[in-house]
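Asker: Coordinates only, no sequence provided:
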């Protein structure tokens, strides 16, 4: 069996005396689309921040393709093939849309900290950035400062930036938060399109999105995963229904 | 108001004429200037200006490009300059065959060397932490100037003689004009290199780290290393400016390291505009002119520079370059002509008002500081008697009237401005 794309073993995190993540075990296979759901304050975003190196862990192991990544800085984890988006839109607002995408390509195209090449000279870089703009439907906005885009466009740009580096494990933190129905549909299509053949891990509140996109669902409640499985299994799980999902499911379906 | 240093990368690859043109104009300008202003003092002022341009551009690599607010940038220029004076003296004492035009390179290398050491710990964080460390280092090295007398020469500073180096194609740099061309060469080269630096991957990521360091980290770049490399490059060019200063003045003191100069370069860069590559150049030119020309006219010149700085920060955060670039859309739309009349109606009274107000300040200053019994002063080429009430009331009255007219006409200007920038403005 090949190594899991992402594996968590007894992951813990405390802020002071409060334990937010209380021993999470999770294994996500390559190519899987995995959604993490749970009530507010369950620790979903914290879990994301631990995996991506934004917060230090208090205990446990995280491995990416079999390599231990605990204690690594975000940029190192990113170079190992994990990329993420944020719950609050996190782009470079003063730079043009094109620049945003191009910057996200630089490392993976091998430019590193080079100060002897001109970025505008590289046709390859320009073409790759334009291809991504095409994919996320922002070609018409190419020269605008990213900060003036509409909310949905900024989210799309953020997904584009997240994808551009060529990472094969993609983590999206509430990609459709605060969007209208049509915007949500647009983003879901986009996510489906750009994460093909990649491992997707997402936190999401919108159950329509979760059941539409995910192959597997994990339910996180008070820092523990109480159930993991196929959507229909999770939906049927009495523990899950009790903890959180029941009401939401009744509403949605 | 977005950043031209970021937005102008739209063109296809390769070098186009429109890209080279500004550099050609700048080069031609530098060549012609000494024929327009021939006096020695004018050439000294232009030398000072060119050195300040390199220094300000180097500072903007930190502030504008990488978002690092430094309060100690003079240190790198100063150390580069001190080192160059020492090298000048070695060259003289041991007859080392080093041509003078190469000297600034050594200044740059020492600026770079110091920056690699200081930057290794100061660039870990941006924002307040970086600003405070830069302030501390600035003070520390300025204090060293009194402690390490062998290097910094204590309170008298150190001096050298540029003419003792190997003649460069027969030129011994005896005249200011020779130095002018040497400095012009370096200002062109440094500006070009700094511009190109902003176009490299590291230069682009410096912008990204400035805007959003966390996002940059999640794109595979360590914000800290991006800042560090920018910091080292800025130190290098500051050192070059220091070397040119050493050549031009042949004399450095602790003042060249001090907080005052560090603060001044922040002011110059910000006033010129941090968001545009050419902003600091404008800032350096305007400031040097104020510093040299205005200071001959009035002792209070720093008051007016301070006023200009505050006005810039409050009303035009894009600096003077930002003010210029604000007009580009109106020009593109062909609506710039609409603005002429409102500008005249607003800016002329504003200018007269400012002059009148400064006249009032000058009269007040004179009457407080003149020797007892002296009441005659010259203000705007007019002899006036400060003991009578007339000049007082004329200046303050004129200022108030002009500011009132300005205030009355300003809304009209704002409205025309919006029309000129609207797509259909010309037809409306």
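Answerer: It's in. Given the structure is predicted, the values throughout are model-derived calculations rather than measurements. Numbering: from 1, shown residues only, chains lettered A, B, ... in the order given.

Asker: what's near enough to touch the residue in the stretch 201-350 of chain B that chain A sits nearest to?
Answerer: In the stretch 201-350 of chain B, no residue comes nearer to chain A than residue B:220, which is 3.4 Å away by C-beta to the nearest C-beta. The way it works is simple: take the backbone N, C-alpha and C, and place the C-beta from them, glycine included. Applying C-beta atoms under 8 Å, 6 or more residues apart in numbering or on different chains, one finds that residue B:220 lies in contact with A:75, A:78-79, A:107-108, A:165.

Asker: Show me which of those are buried.
Answerer: Buried by 16 or more other C-beta atoms under 10 Å in any protein chain shown: A:75, A:78-79, A:107-108, A:165, out of the contacts of residue B:220.

Asker: Which of those sits closest to chain B?
Answerer: Closest to chain B, out of all of the buried ones among the contacts of residue B:220 and judged by C-beta to the nearest C-beta, is residue A:107, at 3.4 Å.

Asker: so what's the closest one closest to, chain neighbours aside?
Answerer: Distances taken as C-beta to C-beta, 6 or more residues apart in numbering or on different chains place residue B:220 nearest to residue A:107, at 3.4 Å, with adjacent residues excluded.

Asker: Widest-spaced pair of the buried ones among the contacts of residue B:220?
Answerer: A:75 and A:108 (12.2 Å; C-beta to C-beta).

Asker: Show the end-to-end separation of stretch B:381-396, please.
Answerer: 18 Å (C-alpha to C-alpha, to the nearest Å).

Asker: Give the buried residues for that stretch.
Answerer: Buried, per 16+ other C-beta under 10 Å, within stretch B:381-396: B:384, B:386, B:391-392, B:395-396.

Asker: Check stretch A:77-94 too.
Answerer: A:77-79, A:81-87, A:89-94.

Asker: For chain B, tell me which of those show up nearby.
Answerer: A:78-79, A:83-84, A:86, A:90-94 (C-beta under 8 Å from any C-beta of the partner chain).

Asker: In strands, which of these appear?
Answerer: A:83-84 (DSSP state E).

Asker: Put together a markdown table for the ones next to chain B among the buried residues of stretch A:77-94, with pLDDT on each row.
Answerer: Listed next are those as a markdown table, based on pLDDT from 0 to 100:
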| residue | pLDDT |
| --- | --- |
| A:78 | 92 |
| A:79 | 91 |
| A:83 | 92 |
| A:84 | 91 |
| A:86 | 87 |
| A:90 | 88 |
| A:91 | 91 |
| A:92 | 91 |
| A:93 | 90 |
| A:94 | 88 |
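
Asker: residue boundaries of the helices in the stretch 151-300 of chain B?
Answerer: Assigned by DSSP state H, counting those that start in this stretch, the stretch 151-300 of chain B shows helices spanning B:176-198, B:201-211, B:213-217, B:223-249, B:259-272, B:279-289, B:295-297.

Asker: Turn these into TSV, columns for mean pLDDT.
Answerer: Output for those, formatted as TSV (pLDDT from 0 to 100):
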stretch	mean pLDDT
helix B:176-198	92
helix B:201-211	92
helix B:213-217	90
helix B:223-249	94
helix B:259-272	92
helix B:279-289	93
helix B:295-297	83
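
Asker: so how far is residue B:214 from the residue of the stretch 201-350 of chain B closest to chain A?
Answerer: 13 Å (C-beta to C-beta, to the nearest Å).

Asker: What is the neighbour count of residue A:18?
Answerer: 8 (other C-beta atoms under 10 Å in any protein chain shown).

Asker: ditto for the one 5 residues further on
Answerer: If you count neighbours by other C-beta under 10 Å, residue A:23 ends up with 15.

Asker: List the residues that contact it.
Answerer: A:10-12, A:60, A:223-224.

Asker: Now stretch B:90-107: buried residues?
Answerer: With the criterion 16+ other C-beta under 10 Å, stretch B:90-107 contains buried residues B:91, B:100-101, B:103-107.

Asker: Kindly check the end-to-end length of that stretch for me.
Answerer: Rule used - C-alpha to C-alpha; the end-to-end distance of stretch B:90-107 is 14 Å.

Asker: which SS state does residue B:374 fall under?
Answerer: coil (DSSP: H, G, I helix; E, B strand; the rest coil).

Asker: Please disregard the earlier target; I meant residue B:108.
Answerer: helix.

Asker: how about the contacts of residue B:220 in JSON lines, adding distance to residue A:216?
Answerer: Formatted as JSON lines, those follow (distance: C-beta to C-beta, whole Å):
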{"residue": "A:75", "distance to residue A:216": "29"}
{"residue": "A:78", "distance to residue A:216": "24"}
{"residue": "A:79", "distance to residue A:216": "27"}
{"residue": "A:107", "distance to residue A:216": "30"}
{"residue": "A:108", "distance to residue A:216": "27"}
{"residue": "A:165", "distance to residue A:216": "24"}
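
Asker: Tell me which of those residues fall in helices.
Answerer: A:75, A:78-79 (DSSP state H).

Asker: Just the pLDDT at the nearest residue to residue B:146 once chain neighbours are set aside, thanks.
Answerer: For residue B:146, ignoring the flanking residues on the chain, the nearest one in space by C-beta to C-beta, 6+ apart is residue B:154 at 6.0 Å. Per-residue pLDDT puts residue B:154 at 81.

Asker: Just give me the neighbour total for residue B:154.
Answerer: For residue B:154, using other C-beta under 10 Å, the count is 15.

Asker: Dihedrals phi and psi, it?
Answerer: phi 60, psi -150 (degrees, to the nearest 10).

Asker: Tell me if the longest helix belonging to chain B is near chain A.
Answerer: Longest helix of chain B, by residue count under DSSP H: helix B:389-421. No. Helix B:389-421 stays clear of chain A (C-beta under 8 Å from any C-beta), getting no nearer than 14.9 Å.

Asker: Just the buried residues of that helix, please?
Answerer: Counting neighbours by 16+ other C-beta under 10 Å, helix B:389-421 gives B:391-392, B:395-396, B:398-399, B:402-403, B:405-406, B:409, B:413, B:416-417, B:419-421 as buried.

Asker: Tell me which stretches of chain A form helices.
Answerer: Counting by DSSP H, the helices of chain A are A:44-51, A:74-79, A:97-106, A:123-135, A:151-164, A:181-194, A:207-213, A:231-236, A:238-240, A:246-252.

Asker: quick one, which of the ones you listed is packed in tightest?
Answerer: Ranked by mean neighbour count under mean count of other C-beta atoms under 10 Å in any protein chain shown, the helices of chain A are led by helix A:97-106, which reaches a mean of 28.

Asker: So is that helix next to chain B?
Answerer: Yes. Using C-beta under 8 Å from any C-beta, helix A:97-106 reaches chain B at A:98-99, A:102-104, A:106.

Asker: for that helix, what is the average pLDDT?
Answerer: On average, helix A:97-106 scores 91.

Asker: Now do that helix against helix A:123-135, angle only.
Answerer: On the basis of axes from the mean of the first three to the mean of the last three C-alpha atoms, to 10 degrees, helix A:97-106 is oriented at 120 degrees to helix A:123-135.

Asker: Mind giving me the packing neighbours of helix A:97-106?
Answerer: Under the contact criterion of 3 or more C-beta pairs under 8 Å, 6 or more residues apart in numbering or on different chains; DSSP states H and E, helix A:97-106 touches helix A:123-135, helix A:151-164, helix B:201-211.
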